[in-house]
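**Student:** Here is a sequence with its predicted model. Questions after.
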Amino acid sequence: MAKVKNVFVCQACGYESPKWMGRCPGCRSWNTLVEETVRPAASAGLSAKLKESKPTLLSEVNLEEEPRMHTQMKEFNRVLGGGIVPGSLVLVGGDPGIGKSTLLLQVSDQLARTGRTILYISGEESVRQTKMRAERLAISPDALYVLAETDIRRIEAQLDDVRPDVMIIDSIQTVYQSELSSAPGSLSQVRECTGALMRLAKSQGIAIFIIGHVTKNGALAGPRTLEHMVDSVLYFEGERHHTFRILRAVKNRFGSTNEMGVFEMKEGGLAEVANPSEIFLQERTQEASGSAVVAAMEGTRPVLVEVQALVAPTSFGNPRRMATGVDNHRVSMIMAVLEKRVGLLLQNQDAYVNVAGGMKLDEPATDLAVAISIASSFRNRPTKLGEIFIGEIGLTGEVRRVSRIEQRVREAYKLGFHQAYIPEKNQEGWTPPEGMCITGVKTLSEVIGLALNSAESSAPSDFFPHDF
């Protein structure tokens with residue numbers, strides 16, 4: 001057997017070196033040399049024995065509908081696009097202690113109870129420690145196999161005996177190939193082990209879930225090619241000191257990348273939240289200025305969230321603009337439109353915008369709610385609890401059309417909202433629910449006049465913070 005050769009390759013220009021160097025001699029870049037494995041070419045005799053793959057017409061491919069594997073967590077199935085696809089490779093990332101292992105262990109239990117064979121590879125815990133965690137979650141199925149191993153070759157050797165339908169790797173940073181001299185968790189180890197798992201998933205039809213660590217910036221650790229190799233990339237988000245967790249897909253070859261699942265961490269594990277809108281709105285303060293509700297689309301599901309704003313006179317020369325959950329540049333643009341087109345003097349005001357519940361909104365339909373919350377805080381006039389604001393704002397101050405307006409309005413009606421401010425062009429072609437008042441608006445100044453000038457406030461009608 002030919003010996004495997006290790007070389008160091010520059011990730012910027014491709015320069016190869018037999019040893020590591022801090023600076024690449026080819027492109028003069030620092031810290032770009034990464035260890036890679038050069039495998040010997042197959043001999044002529046061995047190549048002749050290999051069965052060659054031939055091109056096939058796409059029309060001649062026999063497509064057999066293979067059912068997806070469903071869990072009892074509808075939120076988990078939704079994020080994956082309708083269930084687990086056999087032969088898929090899924091990467092799950094998240095902060096330490098957020099609940100990645102708990103989620104996949106509960107998924108393993110639910111699949112095992114339906115007759116599936118599950119192989120759980122634990123590289124960070126012993127078998128006894130995994131058993132203790134399973135007992136805490138009330139998990140003890142007969143079809144759930146546990147293996148404490150980190151060598152990828154030994155893991156492959158166990159597949160012939162177990163023949164699992166689903167395999168979970170916890171985590172990819174602990175798995176290594178003995179042919180490589182680098183330590184587990186290095187760039188070359190993570191990439192080579194993921195490549196081996198991808199070949200296993202595609203050749204044997206095993207659905208493989210990989211748990212990946214994240215860096216301090218929140219990105220997945222390892223080479224960027226890791227996300228390109230897998231079929232789906234899921235992020236498990238949430239604050240460690242809060243009970244709610246959000247599972248969202250940033251890449252999915254078998255479904256939408258805009259889907260989101262909400263879970264609640266309890267003593268017995270994760271429990272799915274069927275209606276996230278109630279969770280995000282249950283602590284909304286009545287008669288408080290600087291608050292507006294919007295129906296945002298997360299994939300195919302409308303979710304109602306509260307946008308909060310606080311506008312106060314600045315104590316410095318340059319006013320501060322801070323946003324959490326929405327794009328900071330988008331907020332600055334909306335404030336410029338409010339000042340130029342509506343006449344609000346915001347150039348000497350600090351502005352803080354927050355999306356309650358830890359949600360992240362990235363669609364233009366949330367512009368109107370952001371603008372109303374800023375104007376409400378600036379004028380100290382609250383919006384009514386039964387009002388919802390949906391629309392995109394242009395630079396000329398117009399309120400532009402958004403997509404799926406009917407689904408957004410119906411979701412708001414289910415939760416007790418009775419007044420919706422939407423773009424005028426979105427009123428055509430559909431009928432709102434009975435009892436839902438729809439107001440079509442053309443400009444931002446129009447909706448501010450309707451929503452804020454008619455609202456009751458404890459402050460005088462001519463109250464403006466900058467008067468002080």
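**Tutor:** Right, received. Where do you want to start? Fair warning: this is a prediction, and the values are worked out from it, not measured in the lab. Residues are numbered from 1 along each chain as shown.
**Student:** Quick check: what element follows the helix or strand that residue 109 is a member of along the chain?
**Tutor:** Per DSSP states H and E, residue 109 falls inside helix 100-113. Towards the C-terminus, the helix or strand next in line after helix 100-113, according to DSSP H and E, is strand 118-122.
**Student:** And the contacts of that following strand?
**Tutor:** Applying C-beta atoms under 8 Å, 6 or more residues apart in numbering, the external contacts of strand 118-122 come out as 104-105, 108, 111-112, 129-130, 141, 143-149, 155, 158-159, 162, 164-170, 175. Bear in mind the C-beta positions are built from the backbone N, C-alpha and C, glycine included.
**Student:** Quick one: distance of it to the chain centre.
**Tutor:** 24 Å (C-alpha atoms, centre = their mean, to the nearest Å).
**Student:** mind listing what's buried in the single longest strand found in the chain?
**Tutor:** For the chain, the strand with the greatest residue count under DSSP state E is strand 301-313. Judged by neighbour count using 16 or more other C-beta atoms under 10 Å, the buried positions of strand 301-313 are 301, 302, 303, 304, 305, 306, 307, 308, 309, 310, 311.
**Student:** Repeat that for stretch 268-279.
**Tutor:** Residues of stretch 268-279 classed as buried by neighbour count (16+ other C-beta under 10 Å): 269, 270, 272, 273, 276, 277, 279.
**Student:** in what helix or strand does the closest residue to residue 327 other than its chain neighbours lie?
**Tutor:** Taking C-beta to C-beta, 6 or more residues apart in numbering, and ignoring the residues beside it in sequence, residue 327 has residue 362 as its nearest neighbour in space, at 6.8 Å. Taking DSSP H and E as the definition, residue 362 sits outside all helices and strands.
**Student:** What is the neighbour count of residue 362?
**Tutor:** By other C-beta atoms under 10 Å, the residues close to residue 362 number 11.
**Student:** how close does it get to residue 102?
**Tutor:** Shown here: residue 362 relative to residue 102, a distance of 28 Å by C-beta to C-beta, to the nearest Å.
**Student:** what's residue 78 in contact with, if anything?
**Tutor:** 259, 261, 299, 301.
**Student:** which of these count as buried?
**Tutor:** The buried subset of the contacts of residue 78 - by 16+ other C-beta under 10 Å - is 259, 261, 299, 301.
**Student:** residues contacting the residue nearest to residue 23 when sequence neighbours are not counted?
**Tutor:** Take residue 23 and drop its neighbours on the chain: the residue closest to it by C-beta to C-beta, 6+ apart is residue 30, 5.3 Å away. Taking C-beta under 8 Å, 6+ apart as the definition of contact, the neighbours of residue 30 are 22, 23, 24.
**Student:** neighbours around the second one, how many?
**Tutor:** Residues contacting residue 23 under the criterion other C-beta under 10 Å number 13.
**Student:** is it true that it touches residue 17?
**Tutor:** No - judged on C-beta atoms under 8 Å, residue 23 makes no contact with residue 17 at a distance of 10.8 Å.
**Student:** what sits against residue 273?
**Tutor:** For residue 273, the residues meeting the contact criterion (C-beta under 8 Å, 6+ apart) are 75, 244, 262, 263, 264, 279.
**Student:** From the residues you listed, pick the one nearest residue 236.
**Tutor:** residue 263 (8.6 Å; C-beta to C-beta).
**Student:** Can I get the longest strand of the chain as PDB, trimmed to CA atoms?
**Tutor:** Backbone C-alpha positions of strand 301-313 (Å, rounded to 0.1, in the frame of the first residue of the first chain) are rendered in PDB as follows:
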ATOM      1  CA  ARG A 301     -45.400  30.600   8.200                       C
ATOM      2  CA  PRO A 302     -46.400  34.100   9.200                       C
ATOM      3  CA  VAL A 303     -45.100  35.000  12.700                       C
ATOM      4  CA  LEU A 304     -46.200  38.100  14.600                       C
ATOM      5  CA  VAL A 305     -43.400  39.900  16.400                       C
ATOM      6  CA  GLU A 306     -43.100  43.200  18.300                       C
ATOM      7  CA  VAL A 307     -40.700  45.900  17.100                       C
ATOM      8  CA  GLN A 308     -39.600  48.200  19.900                       C
ATOM      9  CA  ALA A 309     -37.900  51.600  19.600                       C
ATOM     10  CA  LEU A 310     -36.500  54.100  22.100                       C
ATOM     11  CA  VAL A 311     -35.700  57.600  20.900                       C
ATOM     12  CA  ALA A 312     -34.000  60.000  23.300                       C
ATOM     13  CA  PRO A 313     -32.000  63.200  23.000                       C
END
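**Student:** what's the average pLDDT for it?
**Tutor:** Throughout strand 301-313, pLDDT has a mean value of 93.
**Student:** helix or strand right after that strand?
**Tutor:** Assignment by DSSP H and E places the next element after strand 301-313 at strand 321-324.
**Student:** what's the angle from the helix or strand just after that next one to strand 301-313?
**Tutor:** Toward the C-terminus, strand 321-324 is succeeded by helix 328-337 as the next helix or strand (DSSP H and E). Angle of helix 328-337 versus strand 301-313, following axes from the mean of the first three to the mean of the last three C-alpha atoms, to 10 degrees, is 60 degrees.
**Student:** for this protein, what are the low-confidence residue spans?
**Tutor:** Within the chain, the set of residues satisfying pLDDT under 70 comprises 1-4, 11-12, 37-53, 63-66, 215-225, 239-241, 454-468.
**Student:** At the geometric centre of it, which residue do we find?
**Tutor:** Nearest to the mean C-alpha position of the chain, counting by C-alpha atoms, centre = their mean, stands residue 248 at 3.1 Å.
**Student:** wait, is that one part of a strand?
**Tutor:** Yes - remark: residue 248 belongs to a strand, assigned using DSSP: H, G, I helix; E, B strand; the rest coil.
**Student:** Find the residue closest to it in space, skipping its chain neighbours.
**Tutor:** In space, and not counting its chain neighbours, residue 248 is closest to residue 260: 4.7 Å by C-beta to C-beta, 6+ apart.
**Student:** isn't that neighbour right up against residue 303?
**Tutor:** Yes - applying C-beta under 8 Å as the test, residue 260 and residue 303 come out as touching, 7.4 Å apart.
**Student:** Mind listing the shared neighbours of the two?
**Tutor:** residue 276.
**Student:** Could you give the number of residues near residue 340?
**Tutor:** Taking other C-beta under 10 Å as the criterion, the count of residues near residue 340 is 12.
**Student:** same deal with residue 29?
**Tutor:** 14.
**Student:** was I right about it contacting residue 22?
**Tutor:** No - in this structure, residue 29 sits apart from residue 22 without contact. The criterion is C-beta under 8 Å, and the distance is 10.1 Å.
**Student:** And residue 258, its phi and psi?
**Tutor:** As for residue 258, its main-chain torsions (degrees, to the nearest 10) stand at phi -100, psi 0.
**Student:** these two touch, right, it and residue 296?
**Tutor:** No - using C-beta under 8 Å, residue 258 is not in contact with residue 296, being 10.3 Å away.
**Student:** Compare neighbour counts for these two and give me the winner.
**Tutor:** The residue with more neighbours, out of residue 258 and residue 296 and counting by other C-beta under 10 Å, is residue 296; that gives 24 against 17.
**Student:** relative to strand 301-313, how tilted is the strand or helix carrying the more buried one?
**Tutor:** Element membership for residue 296 (DSSP H and E) is strand 291-298. Relative orientation of strand 291-298 and strand 301-313, computed by the same axes, to 10 degrees: 140 degrees.
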